[in-house]
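Undergrad: Quick one: sequence plus predicted model below, questions after.
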Amino acid sequence: MPGTVTLSVPSHPKYLYVIRSTLYPLVLDAGFSKKEASKIILAVDEASSNIIKYAYEGDHTKTITLTVTVDAGRIAIRLEDSGKQVDVSTIAPRKLDEVRPGGLGTHFMGTVFDTVEYDTTRGTGTVLTLVKEKK
Amino acid sequence: MPGTVTLSVPSHPKYLYVIRSTLYPLVLDAGFSKKEASKIILAVDEASSNIIKYAYEGDHTKTITLTVTVDAGRIAIRLEDSGKQVDVSTIAPRKLDEVRPGGLGTHFMGTVFDTVEYDTTRGTGTVLTLVKEKK
Amino acid sequence: MKVDISSEKVGSGFLIRLKGDVDMNTSPDVRGGLADVFKQGEAGFKALFIDLSQVRYMDSSGIATLIEAMQMCVKRGVRLRLVDLSPPVRDVFELARLAAVFEIFPSFSEAETKP
Amino acid sequence: MKVDISSEKVGSGFLIRLKGDVDMNTSPDVRGGLADVFKQGEAGFKALFIDLSQVRYMDSSGIATLIEAMQMCVKRGVRLRLVDLSPPVRDVFELARLAAVFEIFPSFSEAETKP
Ligand SMILES: Nc1ncnc2c1ncn2[C@@H]1O[C@H](COP(=O)(O)OP(=O)(O)O)[C@@H](O)[C@H]1O
Ligand SMILES: Nc1ncnc2c1ncn2[C@@H]1O[C@H](COP(=O)(O)OP(=O)(O)O)[C@@H](O)[C@H]1O
């Protein structure tokens, strides 16, 4: 059954756990294994952390809205913020052979999801769409 | 820190588990014990089940929206539907000494929460507000 | 979240074990599991044991299902005994003030041997 | 969701145990726990063991914290050994291709005794 779930949380890192708790049953119910589910959730956690760090520059009083849609064979997760827009071509993972803190979040997103698409064409904020097909 | 979280799910009973998963960290973070948390979550689950059964009369394609607000000392949970409105004075638990299936949900809500308030003054649907103070 | 329902023939009747969350979504499956057992035991059986030790969550639809089971048992002269309630089940029984309504035992061996 | 951080003095250095979720919310606490240990060990210590068996979740901020710990250890000539990675930690190490970067041992006794 296709179904859409929407979750809005304040842009404070303590709500990352709430995001993970909400996603877990949805991802399992979509038919992904526990191992796939934990990777999907990790990647969404990273996307949400990046919104707090970069789009809201650490302001914890804004809102992150996630929309999760499950269809036969795929899960799509849309993350919406109303923060600072950047040139999306500059958002890039670091090379994994430089061992340093940081630069892993976007790498995880790219590894886990089939589609990672940033949209800044609305007047304000960014919409990030993450899609994973069931193999 | 006061914070508001909003969750919208389809009116299908399989999303009751998603509601519970989202609430659990929020209620704990609000400072309630695990035992209190499980009672709060039970009562919200019952309120959500009643929306599916009575407001939407089993239609699983509608939406239930929960808004959870945590302030110092209290948690407030608002449940919104766009379904059938009833005379709220008719919503009542059964007497507990009649042992029969049913009639417990509203009893749980009344036992667990300090405030249980149905509002049907909007044109459509019902807003149920559940509030619990920390003792 | 699914509920797992397993049943086995024991000396005097049947033992059903529930595992997972029993809510409005999964109660129909539990009801189905109970109906299967009553069908298997059509020729007559003496006792039904329901093990609730692995139930992580139960709401009023789960309680309604247990009350229905009790009513079916009464009608057929079957003795219903609940076994090893998990803490969440104990909490909801307490809220519903149901502890006195059911026969509840800490273990299957006690439930089976107590007269 | 909190992370619990406990540390104890062991023969050649310190053993830190982490328990819970290490994410952007709790990584600062882990970083604080590490700083405390480096402060306690100011006079010099040989080895730092970090037990990750009770970590239910780790994201890139947790990994960044471990890499920082490694850098602090390198600077002070302390040997860093990670102990008993939980399955979620193993998954994120695999995704980050970090298994070769850290010295990882299945148990504290092996981490302490291997040369
Ligand atoms: N939502 C975002 N808005 C703006 N810039 C971003 C966003 N997400 C990532 N970036 C940029 O991409 C870089 C890589 O991000 P990431 O791989 O998550 O690593 P980290 O956040 O640890 O640096 C960041 O340093 C940042 O410059
Ligand atoms: N959201 C609602 N809309 C309309 N009627 C309701 C609603 N919630 C409860 N009721 C009414 O109140 C009665 C008691 O509800 P409850 O205690 O949850 O038990 P049950 O649903 O098992 O009958 C219901 O039978 C129903 O008639």
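TA: In hand now; what should we look at? Numbering: from 1, shown residues only, chains lettered A, B, ... in the order given. Ligands and ions are numbered 1, 2, ... in the order given.
Undergrad: Secondary structure element for the residue most central in space within chain C, which one?
TA: With distances taken as C-alpha atoms, centre = their mean, residue C:50 lies nearest the centre of chain C, 3.3 Å away. For residue C:50, the element it lies in under DSSP states H and E is strand C:47-58.
Undergrad: what's the spacing between the closest residue to residue C:91 other than its chain neighbours and residue C:69?
TA: Nearest non-adjacent residue to residue C:91, counting by C-beta to C-beta, 6 or more residues apart in numbering or on different chains: residue B:38, 6.0 Å away. Placement of C-beta: from N, CA and C, glycine included. Distance, residue B:38 to residue C:69, by C-beta to C-beta, to the nearest Å: 23 Å.
Undergrad: Neighbour count for those two, which is higher?
TA: Counted by other C-beta atoms under 10 Å in any protein chain shown, residue B:38 and residue C:69 do not tie: residue C:69 has more neighbours, with 24 against 21.
Undergrad: Pull out the buried residues from the strand holding residue C:50.
TA: Using 16 or more other C-beta atoms under 10 Å in any protein chain shown as the test for burial, strand C:47-58 gives C:47, C:48, C:49, C:50, C:51, C:52, C:55, C:57, C:58.
Undergrad: Next up, phi/psi of the nearest residue to the last one once chain neighbours are set aside, please.
TA: Spelled out, it's residue C:58. Distance criterion C-beta to C-beta, 6+ apart; nearest residue to residue C:58, sequence neighbours excluded, is residue C:22 at 4.6 Å. The phi and psi values for residue C:22, taken as degrees, to the nearest 10, are phi -110, psi 100.
Undergrad: contacting residues for residue C:22?
TA: C:3, C:30, C:55, C:57, C:58, C:59, C:61, C:62, C:65 (C-beta atoms under 8 Å, 6 or more residues apart in numbering or on different chains).
Undergrad: any chance you could map the strands in chain A?
TA: In chain A, the segments counted as strands under DSSP state E are A:3-10, A:63-71, A:74-80, A:115-119, A:127-133.
Undergrad: What count of nearby residues applies to residue C:105?
TA: For residue C:105, using other C-beta under 10 Å, the count is 19.
Undergrad: Does it touch residue C:111 like I think?
TA: Yes. Residue C:105 is within contact range of residue C:111, at 3.7 Å (criterion: C-beta atoms under 8 Å).
Undergrad: what touches both of the two?
TA: Residues touching both residue C:105 and residue C:111 (C-beta under 8 Å, 6+ apart): C:81, C:82, C:83.
Undergrad: Restricted to strands, list those residues.
TA: Using DSSP E, these in strands are C:81, C:82, C:83.
Undergrad: Would you enumerate the residues in contact with the last one?
TA: Residue C:83 makes contact with C:15, C:49, C:50, C:51, C:52, C:53, C:104, C:105, C:106, C:107, C:108, C:111, according to C-beta under 8 Å, 6+ apart.
Undergrad: coming back round to it: tell me the pLDDT at the residue nearest to the centre of chain C?
TA: pLDDT, residue C:50: 98.
Undergrad: Quickly list what it is bridged to.
TA: residue C:16, residue C:82 (DSSP bridges).
Undergrad: follow-up on the earlier one: any idea how far the residue nearest to residue C:58 lies from residue C:34?
TA: 12 Å.
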